[in-house]
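Asks: next input, structure requested:
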Amino acid sequence: MIRALLADDHRLVREGLKQLLSEAPGIVVAAEAANSHEVMEKVRTEEIDVVLLDISMPGRSGLEVLKELKRIRPNLPVLMVTMYPEKEYAVRALKTGAAGYLTKSCAPDELITAVRRVTSGGRYVSPSVAEVLAVELQEGVEKPRHELLSNRELQVMLMIARGKTVGEIAVDMCLSAKTVSTYRTRILDKLKLSNNAEITRYAIKEGLVE
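Replies: Numbering: from 1, shown residues only. Now for the predicted structure:
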């Protein structure tokens with residue numbers, strides 16, 4: 001029996017994933033977590049075979065949680081299940097130690113296949129992720145400027161590009177407005193941009209947001 005931990009701050013999403021997994025023979029949702037603290041607590045106290053982890057989490061991001069999980073339990077497979085398209089985070093997540101990467105728009109059968117594969121010691125890479133990885137491995141290809149951003153800076157940049165204010169981002173990420181403003185300053189500097197409108201245009205041009 002595969003015992004899964006669902007880590008997502010949206011209860012409706014967890015309920016949907018739980019329903020899908022409950023219909024698959026040999027898989028049971030053993031625990032749920034709504035934030036990074038609960039993820040670490042459940043991993044330490046529950047018998048878990050696989051973690052389904054979102055990138056957008058209150059406080060510490062999913063990538064930061066992933067890094068900590070690989071430190072304390074390096075053999076525990078972590079499958080990223082997120083709304084963020086592969087182009088934004090797939091390579092970062094896999095480099096950090098994720099065993100697979102899926103978007104929440106994936107088919108139910110694909111989710112089940114991915115869970116089974118990563119818990120058996122393999123990795124799950126969808127065709128779209130494979131394409132992203134192929135581009136990443138090409139030599140001589142100029143990398144986009146946003147790859148200079150840290151994981152947290154990239155998360156803030158995408159939220160700005162989607163029209164959120166500093167105050168809204170601060171609430172969503174459980175940070176102070178001053179901290180978010182600092183991230184915004186770093187983003188503008190690294191991307192050589194001047195304002196939020198230019199951040200939005202850059203993100204659209206690079207295919208990071210629609």
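Asks: domains of this structure?
Replies: What automatic domain parsing lists as the domains of the chain is 2-137, 145-205.
Asks: compile those domains into JSON lines and extend it with columns for mean pLDDT.
Replies: Formatted as JSON lines, the domains of the chain follow (pLDDT from 0 to 100):
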{"stretch": "domain 2-137", "mean pLDDT": "91"}
{"stretch": "domain 145-205", "mean pLDDT": "92"}
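Asks: find the centremost residue of the protein, please.
Replies: The structure's the chain has its C-alpha centroid closest to residue 55; by CA atoms, centre = their mean the separation is 2.7 Å.
Asks: so that one makes contact with residue 92?
Replies: No: in this structure residue 55 lies outside contact range of residue 92 using CB atoms under 8 Å: 9.1 Å. The way it works is simple: take the backbone N, C-alpha and C, and place the C-beta from them, glycine included.
Asks: which neighbours do these two share?
Replies: By CB atoms under 8 Å, 6 or more residues apart in numbering, residue 55 and residue 92 have these common neighbours: residue 63.
Asks: quick check: what element follows the longest helix seen in the chain along the chain?
Replies: Assignment by DSSP state H gives helix 177-191 as the longest helix of the chain. The C-terminal neighbour of helix 177-191 among helices and strands, as given by DSSP states H and E, is helix 196-205.
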